[in-house]
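Student: Fold the following for me, if possible:
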Amino acid sequence: MFSCTDAQLPTPTQIDAEIEKAKLLSVSEPNKAIELSKNIYRISKNAGYKNGMLESSTIMMAKYFDAGNFKKVIDISKDAEQLASEANDYTALSNTYRLRASSYTELGFNDQSFKEFKEALAIAEKIHSKNSKNYQKALIYTGFGSYFAHINAPIDSVIHYQKKCLGAAILLEDNKEFINKKHYILALSYINLGKTSVAMNHIKNAETYFSNALEICRSKKYIINKDLEITALNEFAWLYHDQKQYEKATYYAEQAENLEKNVGLPYIRRDIYEVYFKSFVELGDKERSAKYMNLYTKLNDSLVNAEKKTINTPVHHMMEKQGELHSNTIKEIVITTSAMIISLLLGGWFFWKRNQNKLHKRYKTIIDHLKTEAKTVQPAPVLVKTEDKINENNITISQDTTATLLHKLARFEKSEKFLKKDMSLTALSNSLNTNPRYLSEIIKQHKDKNFNNYLNGLRIQYIINKLYDTPIFREYKISYLAEACGFSSREVFAVIFKKETGVTPSYFINQLKKDDKKQEAI
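Tutor: Alright, predicted model coming up:
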C-alpha cells in the first residue's frame, strides 16, 4: 500500500488513492485527514501533480474551516485559487471563493466576504454538471445566510437564503456520487432553519428541524460528517436550556461532548461547556457547574487570543488581490503588492488602533457613568417648565397631569416592568391610567425620545448594570442577555446595544473581564 512518506515519488494514480482516503477520514477523523492531506500536498508538489495539490488543499480548507481556523483557510486559499484557475476547475474555484468568503464572515470582514460570495456564485453558474452546480450553489446560499445573520440583517433575509439552500439540495440526485452530499446539505439546511426558528420563538418548528437533521446524521444510509451531528446535538441542548428543561439540555450536551472528543471542534466545544455549566447551575449541581465553568473560561480565553492573531491574514490577502488587479508584469506585481502591503498594513493598523481607542473611550464613559450613578442619590423627575401647552397635534397637557405622569414613569423605571417582551405604548398607558397620545408626548418632551427609544434605553441600561454588578452575566450567551432584558432576538439586541452605548455587547463584556484581571493582578 502506498504511503505518503515514501522516498520514491508516487504515481498520480497512487496519489489519487490517498486523496480518497483523506476524503473518507474527513468525515469522522478530521485531524487525521488534515495531516494526510498535508503529506499529499507535499508529495504532489514534488511530483509536479497539480491535481493532487488542488484536491488536498480543498480538503484542508474545509477541515480547517470546520475547526474554526479561518486564518489557515485564507492562507491556503490563494494557492488553491491559482491551481483551480489553471485547471479551469470551476467547482474547486467556486468552493475556494466560498470557503474564503465564509472565513471573512467569521473574522468580521463583511464587505470582502460579500464580494467573495458573489464571485463564488458567478463561478458556480459555469459548472457543467447540474448536480455539482446545485451542490455548490446550496453551500454558497448557506454562506450568504450566515453572512446576513452576522451583519444583523432582517431575519427574513437569512431565511430566504436558507430556503434557497434547501431548494438546491432537493434538486440533487440520489446517485452514488451525490447521495451523501445531498443529505449533508439537507441536514445542514435543517439545522440552520432550526436556528432561525429558535430566534423567532417557533419552538416546535425548531424541534422538528433539529430532529430531521439528527435523523439524517445518524442514518446508516449516508456518510455524513460528524461535525453536523455534534452541531445538531449542541443546538438541541441550547434549545432545551432556553426552555428551562435543564435535564434535557445536559442530556444532549453530554452526547455532543462525547462525539466532539474524537473530532476536535473548539468553537462548538466552547458552546457545549457553556450550556453545560449554565444548566448545572440551574439544577443546583455546584461541582459540575464549577468544572464546566472552568473549562469554558480556559477555552474561551484561548480562542479569543487566537482570534487576535488572525487579524493580519485577511489584510495581507486583500492587499495581494489588489496588487494583482493593478499589475501587468511580475515586476510590477512585486513592487505594487509590497508597497500596498506596507502602506495599507500601516494604515490598517493605524485605523484599527484609532478605532480601538474610540471604543475604549466609549467604554470608559459607560463605566464612569456607572460609578457616578452608584454614588449619587437619584433625583426626583424634573418637570420641564412650560405653560399648559397645545402642540402641533392639538394635544393639551396640563402641568399637573405632566407631573403626575412623570412620577408614574419614575416608578415604572424602578419596577423593571420594561423587561416584559409584550410591553408597548398602549400597555404602559393603560397601566398608568392615561392615554397613549398623552404618554407619547410626555416621553417626547421630558425624556427627549420616542417611546421605542425610551423603552430600549431602559432595557440596555438594565443589562449594562447587570453585566457590571454581576460577573456571572458576562459568561452568558448574547441570546440569553437579549432575552433577559426584553428583546425578542439577539440580533435586535446587539444593534440597539451598540446604538445606545457605541460599543458591541461582546466588546463591553470582554473589557469588563480584562478590568477584572487587572484588579486581580494588583
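
Student: which stretches of the protein have low pLDDT?
Tutor: By pLDDT under 70, the weakly predicted segments of the chain are 1-7, 306-356, 373-396, 521-522.

Student: nearest residue to the residue nearest the centre of it other than its sequence neighbours?
Tutor: Closest to where the C-alpha atoms of the chain average out (Cα atoms, centre = their mean) is His150, at 5.6 Å. Leaving aside its sequence neighbours, His150 sits nearest to Thr105 (Cβ to Cβ, 6 or more residues apart in numbering; 5.3 Å). (C-beta placed from N, C-alpha, C; glycine too.)

Student: Ok, Trp238 next?
Tutor: In space, Trp238 is closest to Val275, 5.4 Å off (Cβ to Cβ, 6+ apart).

Student: can you list contacts of the helix or strand hosting the one you found?
Tutor: Element membership for Val275 (DSSP states H and E) is helix 266-283. Helix 266-283 is contacted by residues 67-68, 227, 230-231, 234, 237-238, 241, 244, 246-247, 249-250, 253, 256-257, 260, 286, 288-293, 295-296, 299-300, 302-303, 475-477, 480 when judged by Cβ atoms under 8 Å, 6 or more residues apart in numbering.

Student: Select only the buried ones of those residues in ChimeraX?
Tutor: In ChimeraX, this line selects whichever of the contacts of helix 266-283 come out buried by 16 or more other Cβ atoms under 10 Å:
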select :67,68,227,230,231,234,237,238,241,246,249,250,253,256,257,260,289,292,293,295,296,299,300,475,476,477,480
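
Student: What about the contacts of helix 266-283, which are in helices?
Tutor: In this view, those that belong to helices under DSSP state H are 227, 230-231, 234, 237-238, 241, 246-247, 249-250, 253, 256-257, 260, 286, 288-293, 295-296, 299-300, 302-303, 480.

Student: At which residues are the helices of the stretch 301-450 of the chain located?
Tutor: Here the stretch 301-450 of the chain has its helices, by DSSP state H, counting those that start in this stretch, at 312-325, 330-375, 399-415, 425-431, 436-446.

Student: quick revisit: now the residue nearest to the centre of the chain: how far from Gly143?
Tutor: 10 Å (Cβ to Cβ, to the nearest Å).

Student: Now the common contact residues for the two.
Tutor: In contact with both His150 and Gly143: Thr105, using Cβ under 8 Å, 6+ apart.

Student: Mind telling me what element His183 is part of?
Tutor: His183 is located in helix 179-199, with elements delineated by DSSP H and E.

Student: So which bits of that helix are buried?
Tutor: Across helix 179-199, burial judged by 16+ other Cβ under 10 Å covers 181-199.

Student: what's the nearest residue in space to Asp227 that is not next to it in sequence in contact with, if anything?
Tutor: Once flanking residues are discounted, Asp227 sits nearest to Asp66: 5.1 Å by Cβ to Cβ, 6+ apart. Residues in contact with Asp66 (Cβ under 8 Å, 6+ apart) are Pro30, Asn225, Asp227, Leu265.

Student: quick one: which two of those residues are the most distant?
Tutor: Pairwise distances across these (Cβ to Cβ) peak at 10.4 Å, for the pair Asn225 and Leu265.

Student: about what we covered before: next, find the distance separating the residue nearest to Asp227 from Glu55.
Tutor: Between Asp66 and Glu55 the computed distance is 17 Å (Cβ to Cβ).

Student: next one: Lys133
Tutor: The spacing between Lys133 and Glu55, counted by Cβ to Cβ, is 19 Å.

Student: same question, Lys414
Tutor: Applying Cβ to Cβ, the value for Lys414 to Glu55 is 65 Å.

Student: So what's the residue count around the residue nearest to Trp238?
Tutor: If you count neighbours by other Cβ atoms under 10 Å, Val275 ends up with 28.

Student: Relative to Glu282, how far out is it?
Tutor: Distance check for Val275 against Glu282: by Cβ to Cβ, it reads 11 Å.

Student: ditto for Lys220
Tutor: For Lys220, the distance to Glu282 (Cβ to Cβ) stands at 36 Å.

Student: Between the two, tell me which one has more neighbours.
Tutor: Neighbour count, other Cβ under 10 Å: between Lys220 and Glu282, Glu282 has more, with 14 against 5.

Student: surely Arg100 meets Val73?
Tutor: Yes. With contact defined as Cβ atoms under 8 Å, Arg100 reaches Val73; the gap is 6.5 Å.

Student: Quickly note the distance from Phe148 to Val503.
Tutor: Taking Cβ to Cβ as the measure, Phe148 falls 22 Å from Val503.

Student: Between the two ends of stretch 470-490, how far is it?
Tutor: 20 Å (Cα to Cα, to the nearest Å).

Student: Check the offset of it from the chain's centre.
Tutor: Stretch 470-490 sits 15 Å away from the centroid of its parent chain (Cα atoms, centre = their mean, to the nearest Å).

Student: same check, this time on stretch 277-290
Tutor: Chain-centre distance of stretch 277-290: 26 Å, with Cα atoms, centre = their mean.

Student: ok, now stretch 435-453?
Tutor: Stretch 435-453 sits 35 Å away from the centroid of its parent chain (Cα atoms, centre = their mean).

Student: So between Lys133 and Glu55, which is more surrounded?
Tutor: For Lys133 versus Glu55, the count of surrounding residues by other Cβ under 10 Å is larger for Glu55: 26 against 20.

Student: dump the residue contacts of that one.
Tutor: With contact set as Cβ under 8 Å, 6+ apart, Glu55 has these partners: Asp16, Ile19, Ile40.

Student: got JSON lines for those residues, with secondary structure too?
Tutor: Listed next are the contacts of Glu55 as JSON lines, based on DSSP: H, G, I helix; E, B strand; the rest coil:
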{"residue": "Asp16", "secondary structure": "helix"}
{"residue": "Ile19", "secondary structure": "helix"}
{"residue": "Ile40", "secondary structure": "helix"}
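
Student: most surrounded residue in these?
Tutor: Among the contacts of Glu55, Ile40 has the most neighbours (other Cβ under 10 Å), with 26 neighbours.

Student: Now do the same contact list for that one.
Tutor: Residues in contact with Ile40, defined by Cβ under 8 Å, 6+ apart, are Cys4, Ile15, Glu18, Ile19, Ala22, Gly52, Glu55, Ser56.

Student: Starting from Ser57, give me the distance back to the fifth one.
Tutor: Using Cβ to Cβ, Ala22 is found at 11 Å from Ser57.

Student: And Ser103, which helix or strand is it part of?
Tutor: Ser103 belongs to helix 90-107 when assigned by DSSP H and E.

Student: Next: Asn452.
Tutor: Assigned by DSSP H and E, Asn452 belongs to helix 451-469.

Student: relative to helix 436-446, how tilted is that helix?
Tutor: Angle, helix 451-469 to helix 436-446, by axes from the mean of the first three to the mean of the last three Cα atoms, to 10 degrees: 60 degrees.

Student: Alpha carbons only: can I get helix 451-469 in CSV?
Tutor: Taking C-alpha atoms only, helix 451-469 is exported to CSV below (Å, rounded to 0.1, in the frame of the first residue of the first chain):
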residue,chain,number,x,y,z
PHE,A,451,-41.5,55.6,23.2
ASN,A,452,-39.5,52.8,21.5
ASN,A,453,-36.1,54.5,22.1
TYR,A,454,-37.1,55.2,25.7
LEU,A,455,-38.0,51.6,26.3
ASN,A,456,-34.9,50.3,24.6
GLY,A,457,-32.7,52.7,26.6
LEU,A,458,-34.2,51.4,29.9
ARG,A,459,-33.5,47.8,28.8
ILE,A,460,-30.0,48.4,27.7
GLN,A,461,-29.2,50.3,30.9
TYR,A,462,-30.6,47.4,32.9
ILE,A,463,-28.3,44.8,31.2
ILE,A,464,-25.3,47.1,31.5
ASN,A,465,-25.9,47.3,35.2
LYS,A,466,-26.2,43.5,35.4
LEU,A,467,-23.0,42.9,33.5
TYR,A,468,-21.2,45.4,35.7
ASP,A,469,-22.5,44.3,39.0
